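Q: sequence and computational prediction follow.
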Amino acid sequence: MALSQERKGTIAVSLTNFLDSGCIVASSVALAAWAVAFNFGSAWTAILGAVGANAFGAAVGALIGGFLTDKLGRKFIYTYNMLVYATGVFIVMIAANLPMLVIGIVISGLSVGAGVPASWSYISEMSGSNRRASNIGISQFAWSCGPAVIFLISLIFSLVFPTFAASGELLPAGTYGPFDGLFAMRLLFAILFVVAMIAWNLQRKLQESTDWTSKQELKAKESFVSMMKRALTNAVNIKTIIFLVAVYLTWNIVAGTMGQFMPYMYAAAGNLDDTTISLLQTVMWVLTAIGSLAIFSALGDKVPHRILFALTAGMALAAWLVMVFFGMQLEAGTADSWGWLLWVFVALWGVSAGFSAQCFYALWSTELFPTVYRGGVQGIMFFLVRGVLGIWSLVAVAGLGVETPAGFVTAGWIMCGFLLVSLVVGVIWCPKTQGRSLDEITEERYGKELLVQDSEDMGI
């Protein structure tokens, strides 16, 4: 059965999500090897985690991308953004020193952020009112596949192309042809480079969003600054931004920490080997991918959002409570006491992440704002979320000492608090948007006078 244009567009755009999460996880997998190869400690470990696709880099990129996607169109982003991403991961792939590594990570991070407002807006705008959650679920499936694929490949590479010698030293040049122990890490980024070029070829052929095109006459004479000023002084928008940031930021701090630093923390605080870490992470992300398709994509347009959100947020909180009360009681840096409880954590978090706060944020952030500044507001919110995550990344690694068992436990308690906030806010103020068109939602929230006011303000 041939795929519809809507589904083809969703798949092409969803590759952006695959590359987003894939870049974050590839960096986390390579972090320990980079630290040895380029001789840096916990301070630079925290900085690298903060400036790339997981935090500050993506934050600034989203701010820029949100402006460009509203001003120049969703297609403009898809024509050029993947080339920027490919440049970044290529530099990381060939990095011979720390400065090259930083430059590559920053460039790829900017690209990841720039693609977020465009991808979520495009998918939502091209979807039917009873298929928005389904298509967003597919994009989140792609986001889940990034880590699953990268961790699976890294698991294979850890067996075929080991990074370290038995002494703990990086394997020297000449181990794999002319390459040293970083060979496997370079291959990970080579894979991301190839996928980025495939994504660019598909995305540059996409048609412009008809919803965006139809609204251009109304805002053609208004500057972006003026448009965003109106957006950020509207009481409805301010309340919505506070709600979405509260739901997503709190969850994203936990997920971002896990995505960027969990392998590092497993190794440093739990004394787990690379193969065990890759196995745990691979299983977790496979479960997340399954949850995205089997739960959010399949049920997101049918089951009430409040019920789904309560379930996912409750499972996420339960996962970290298991770690805090049982799984993280480490002694002398060993993981002997974790046992089967570690797999309970993996199962609870893995499945819940498949229909997590990020899925609902991706959906609600496109439904709750008008088309004329949808991308710009998303960019601002993503800037806030990833910016705070960048600060947290610096605090979590450098300040809390998560590489120690005690620091790991402290971080776990803090993350339980964040997840509780996300649960309470999301369940109480869950919006009622299911099965309704974007125009119907906009009219209910802002009234018919919104477009009339737009026209008067712009002198149309």
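A: Received the coordinates, thanks. Numbering: from 1, shown residues only.
Q: hmm, who's touching stretch 199-210?
A: Contacts to stretch 199-210, defined as C-beta atoms under 8 Å, 6 or more residues apart in numbering, come from residues 5, 9, 12-13, 15-16, 18-19, 73-75, 78-79, 82-83, 86, 121-122, 125-126. All C-beta spots, glycine's among them, are computed from the backbone N, C-alpha and C.
Q: please produce a PyMOL select command covering the buried subset of those.
A: Entered in PyMOL, the line below selects the buried ones among the contacts of stretch 199-210, by 16 or more other C-beta atoms under 10 Å:
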select buried, resi 9+12+13+15+16+18+19+73+74+75+78+79+82+86+121+122+125+126
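Q: what helix or strand is Ser14 located in?
A: Secondary structure here is read from DSSP states H and E; on that basis Ser14 sits in helix 5-37.
Q: which strands and helices lie in contact with that helix?
A: Judged by 3 or more C-beta pairs under 8 Å, 6 or more residues apart in numbering; DSSP states H and E, helix 5-37 is in contact with helix 42-51, helix 74-94, helix 98-126, helix 132-160, helix 183-203, helix 235-270, helix 274-291.
Q: tell me how far that helix is from the chain's mean position?
A: In terms of C-alpha atoms, centre = their mean, to the nearest Å, the gap separating the centre of helix 5-37 from the centre of its chain is 9 Å.
Q: quick one: it to helix 183-203, angle?
A: When axes from the mean of the first three to the mean of the last three C-alpha atoms, to 10 degrees is applied, the directions of helix 5-37 and helix 183-203 differ by 160 degrees.
Q: helix 5-37: which residues count as buried?
A: For helix 5-37, burial by neighbour count (16+ other C-beta under 10 Å) applies to 7, 9-35, 37.
Q: again with stretch 414-428
A: For stretch 414-428, burial by neighbour count (16+ other C-beta under 10 Å) applies to Ile414, Met415, Cys416, Phe418, Leu419, Leu420, Val421, Ser422, Leu423, Val425, Gly426, Val427.
Q: just checking, the last one touches Arg306?
A: Yes: distance between Val427 and Arg306: 6.1 Å, which falls inside the contact criterion (C-beta atoms under 8 Å).
Q: excluding sequence neighbours, find me the nearest residue to Ile11.
A: The shortest distance from Ile11 to any residue other than its chain neighbours is 6.9 Å, reached at Ile138 (C-beta to C-beta, 6 or more residues apart in numbering).
Q: try Tyr361
A: Closest residue in space to Tyr361, ignoring its immediate chain neighbours: Tyr248 at 4.0 Å, by C-beta to C-beta, 6+ apart.
Q: contacts only, for the one you found.
A: If a contact means C-beta under 8 Å, 6+ apart, then Tyr248 has Ala357, Gln358, Tyr361, Met381, Val385, Ser422 as its contacts.
Q: same for the helix or strand harbouring the last one, what does it pack against?
A: The reference is to Ser422. Assigned by DSSP H and E, Ser422 falls within helix 405-428. In terms of contacts (3+ C-beta pairs under 8 Å, 6+ apart), helix 405-428 is packed against helix 235-270, helix 305-322, helix 357-367.
Q: just want the angle from it to helix 305-322.
A: Using the same axes, to 10 degrees, the interaxial angle of helix 405-428 with respect to helix 305-322 works out to 170 degrees.
Q: any stretches of this protein with poor pLDDT?
A: By pLDDT under 70, the low-scoring segments of the chain are 1-3, 216-224, 260-261, 263-272, 274, 327-339, 396-399, 401-405, 449-460.
Q: circling back: could I get the helices and strands packed on helix 405-428 as TSV with distance to Ala59?
A: Conversion of the helices and strands packed on helix 405-428 to TSV gives the following (distance: least, C-beta to C-beta, whole Å):
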stretch	distance to Ala59
helix 235-270	11
helix 305-322	23
helix 357-367	15
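Q: now the helix holding Ser14 against helix 42-51, angle please.
A: 170 degrees.
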